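Peer 1: Sequence first, predicted model second:
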Amino acid sequence: MHQTSQSEHARQACIAACSLCHQLCLQTAMNHCLETGGKHVKAKHLRLMLNCAEICQTSANFQLTGSHFLHSLHELCAEICEACAAECDEIGDMKDCVVACQQCADSCRQMLSTQH
């Protein structure tokens, strides 16, 4: 019973991390980046932020439905979140987004380590 409780806690934490990352990436891209301009609105950067937001929302939704595709999705979500965190960190002035992306990636990797 204790193992199920830990697993459920990890799942809920991952859903929350994915949801927060989705919100922050979308909000940052559509507000901060568009308003700041310059390197913040380069196509590669905006595309990555929107892709990150989308994969995070999808990951949260798939977790809520208990999809059997979760293993692959957690891998992909972690990879995209790590890329987005690195790019946002390099461009600068997006610390909240960097932190949310890294937390989501870490949470997805933790879920991978608990899945069989």
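Peer 2: Looks like it arrived, so ask away.
Peer 1: how about low-confidence regions in the chain?
Peer 2: Where the chain drops to pLDDT under 70, the residues are 1-4, 115-116.
Peer 1: Can you pull the phi/psi pair for V98?
Peer 2: Per-residue torsions, V98: phi -60, psi -50 (degrees, to the nearest 10).
Peer 1: How about the contacts made by it?
Peer 2: 85, 88-89 (Cβ atoms under 8 Å, 6 or more residues apart in numbering). All C-beta atoms are positioned from the backbone trio N, CA, C, and that covers glycine.
Peer 1: which residues sit against the host helix or strand of C77?
Peer 2: Per DSSP states H and E: C77 is located in helix 70-91. For helix 70-91, the surrounding residues in contact (Cβ under 8 Å, 6+ apart) are 14, 18, 21, 25, 28, 39-40, 44-45, 48-49, 51-52, 55-56, 58-59, 62-63, 67, 94, 97-98, 101-102, 104-106, 108-109, 111-112, 115.
Peer 1: Mind giving me the PyMOL command for buried ones among those residues?
Peer 2: Command for PyMOL that selects the buried part of the contacts of helix 70-91, burial taken from 16 or more other Cβ atoms under 10 Å:
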select buried, resi 14+18+21+25+28+40+45+48+49+52+55+56+58+59+62+63+94+97+98+101+102+104+105+108+109+111
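Peer 1: So which of the contacts of helix 70-91 belong to helices?
Peer 2: 14, 18, 21, 25, 44-45, 48-49, 51-52, 55-56, 58-59, 62-63, 97-98, 101-102, 104-106, 108-109, 111-112 (DSSP state H).
Peer 1: In CSV, list the contacts of V98 along with neighbour count.
Peer 2: As requested, these are exported to CSV (neighbours: other Cβ atoms under 10 Å):
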residue, neighbour count
A85, 23
C88, 29
D89, 15
